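>>> sequence below, structure please.
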Amino acid sequence: MKTHYLQSKSILEEIKRANNILINVHRNPDLDSIGSATAMYQALIKIKKQVTLVCPHKIPENFKFLKGADKVMTIDFSNFNFSSYDLFLILDSGSYDIVTGSKEIKLPDVKKIIIDHHLTNNWTDYVYRLLDTKASATAEIVYGMLKDWRVDIDGDISTSLLSGIAGDTVFFKYPKDPAVTFSNVSELMKLGADYNLLIEKFNDSLSFGFVKLLGEFLKNMKQGAGFVWSAVDYITFEKYGKPRGVRETVADSFFRSIKNIKFGVALIEEEKGKFAVSFRSKKNTDVSVIAKKLGGGGHKNAAGATIYGNIDQVTNKIKKII
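Numbering: from 1, shown residues only. Model prediction:
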């Protein structure tokens, strides 16, 4: 059988040789990160590999419907003992700080395999890098690999993969290649992916604090020349229980949907003096260029960065670049 990805066979052989494997879920986990990681985890368990899932942040409760999500260890990468692991599968992460949660924390000299779809992927230290920037989600790449490997893709794996694709396409609003994405979704549904469970747990189970914080973003929204932006400070974030994912949701679902607006910027102070920033744009505006100038990265129409300072310093820095 002709493989979908030429590197699939080599990557599988490297995995088979490994005795103890790490798989990452990136900082501020999203559906593609957790979906890709749990799908890969389940697949490797099926072929009798020893696998550990790790993340620098806690997995949100509304992601824990995915099989394996409850197995993710929240770790501090600065003091984690890597010595017993001989392979690190790094998924959906364009750079080491996306993995570790900090630009100050490097990764040790362990064999790395990179599987990603970000245009701004800048890894240089790896055994293999499977980078498909035409994929709508890393979950699409993982799906292609699992088919190449002839792994038994059951309902649980399918649900993880469907969730990853749904997350990075904003529930199918922005697929890179609609024909490919909807073909993949159709196949996954036939394999047992539970779409109703995904909707129930992810879209219909938002906390009160999540929705209230979303309202703060909308209340604070301001308009510039062809863009909108909004910032929320740490006090407000803390007031509503520090719900994760609000910044991405408001940028995805509202900011880039506004008529005559090219892109939107959502900022939240997740720690005092540390802002997470999401950029979302319409088809012809490349926000990854802006994100890269701020030390971040991502896709043409969806990118992000981490910026340090107070709210005025951070917003002024972004305005100067925009």
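>>> please identify the buried residues of the helix or strand containing Leu44?
Element membership of Leu44 [criterion: DSSP states H and E] is helix 31-46. Using 16 or more other C-beta atoms under 10 Å as the test for burial, helix 31-46 gives 31-44. Just so you know, the C-beta spots here come from the backbone N, C-alpha and C atoms, and that holds for glycine as well.
>>> same check on stretch 307-322?
307, 314-315, 317-318, 322.
>>> rewinding a little: the helix holding Leu44 packs against which elements?
strand 21-24, strand 51-55, strand 87-91, helix 138-148, helix 155-168 (3 or more C-beta pairs under 8 Å, 6 or more residues apart in numbering; DSSP states H and E).
>>> in its sheet, what does the first one sit against?
Each strand that pairs with strand 21-24, with its direction, by DSSP bridges: strand 51-55 (parallel), strand 87-91 (parallel).
>>> run through who's touching that strand.
15, 37, 40-41, 44, 49-55, 82, 85-91, 93, 99, 110 (C-beta atoms under 8 Å, 6 or more residues apart in numbering).
>>> picking up where we left off before, from the buried residues of helix 31-46, pick the one nearest Phe263.
Asp32 (20.5 Å; C-beta to C-beta).
>>> before we move on, the earlier item: which single one of the buried residues of stretch 307-322 is nearest to Val265?
Ile318 (6.3 Å).
>>> quick check, the closest one in a helix?
Yes: remark: Ile318 belongs to a helix, assigned using DSSP: H, G, I helix; E, B strand; the rest coil.
>>> the closest residue to it other than its chain neighbours: how many residues sit nearby?
Once flanking residues are discounted, Ile318 sits nearest to Val265: 6.3 Å by C-beta to C-beta, 6 or more residues apart in numbering. Around Val265 there are 27 other residues, counting by other C-beta atoms under 10 Å.
>>> does Val265 count as helix, strand or coil?
strand.
>>> can you name the residues that contact it?
So, once contact is read as C-beta under 8 Å, 6+ apart, Val265 ends up touching 227-230, 251, 255, 277-279, 318, 322.
>>> figure out which of the strands paired with strand 21-24 is closest to Gly297.
strand 87-91 (14.5 Å).
>>> what's the angle between the closest one and helix 155-168?
With axes from the mean of the first three to the mean of the last three C-alpha atoms, to 10 degrees defining the directions, strand 87-91 sits at 50 degrees from helix 155-168.
>>> could you give the average pLDDT over strand 87-91?
Across strand 87-91, the average pLDDT comes to 98.
>>> and the pLDDT at Lys2?
46.
>>> coming back round to it: including pLDDT and distance to Gly144, could the buried residues of stretch 307-322 go into TSV?
Below are the buried residues of stretch 307-322 laid out as TSV (pLDDT from 0 to 100; distance: C-beta to C-beta, whole Å):
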residue	pLDDT	distance to Gly144
Ile307	93	35
Val314	90	39
Thr315	90	41
Lys317	90	39
Ile318	90	36
Ile322	83	36
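>>> quick one: the strands in the stretch 101-250 of the chain?
112-116, 128-131, 222-223, 227-232 (DSSP state E, counting those that start in this stretch).
>>> would you reformat these as JSON lines and include mean pLDDT?
Formatted as JSON lines, these follow (pLDDT from 0 to 100):
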{"stretch": "strand 112-116", "mean pLDDT": "98"}
{"stretch": "strand 128-131", "mean pLDDT": "97"}
{"stretch": "strand 222-223", "mean pLDDT": "94"}
{"stretch": "strand 227-232", "mean pLDDT": "96"}
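>>> out of those, nearest to Tyr195?
That would be strand 112-116 among these, by C-beta to C-beta, at 24.2 Å.
>>> what helices and strands are in contact with that closest one?
Using 3+ C-beta pairs under 8 Å, 6+ apart, strand 112-116 sits against helix 8-17, strand 87-91, strand 128-131, helix 138-148.
>>> count the neighbours of Ser278 for me.
Under the criterion other C-beta under 10 Å, the count of neighbours that Ser278 has is 26.
>>> the one 10 residues further on now?
Close neighbours of Ser288, defined as other C-beta under 10 Å, add up to 22.
>>> pretty sure it contacts Gly304?
No: judged on C-beta atoms under 8 Å, Ser288 makes no contact with Gly304 at a distance of 9.5 Å.
>>> any low-confidence regions in the stretch 1-150 of the chain?
1-3 (pLDDT under 70).
>>> ok, which of the strands of the stretch 101-250 of the chain comes nearest Ser163?
Comparing the strands of the stretch 101-250 of the chain by C-beta to C-beta, strand 112-116 comes nearest, at 16.7 Å.
>>> so in that sheet, which strands flank the closest one, and in what orientation?
Strand 112-116 is paired, per DSSP bridges, with strand 87-91 (parallel), strand 128-131 (parallel).
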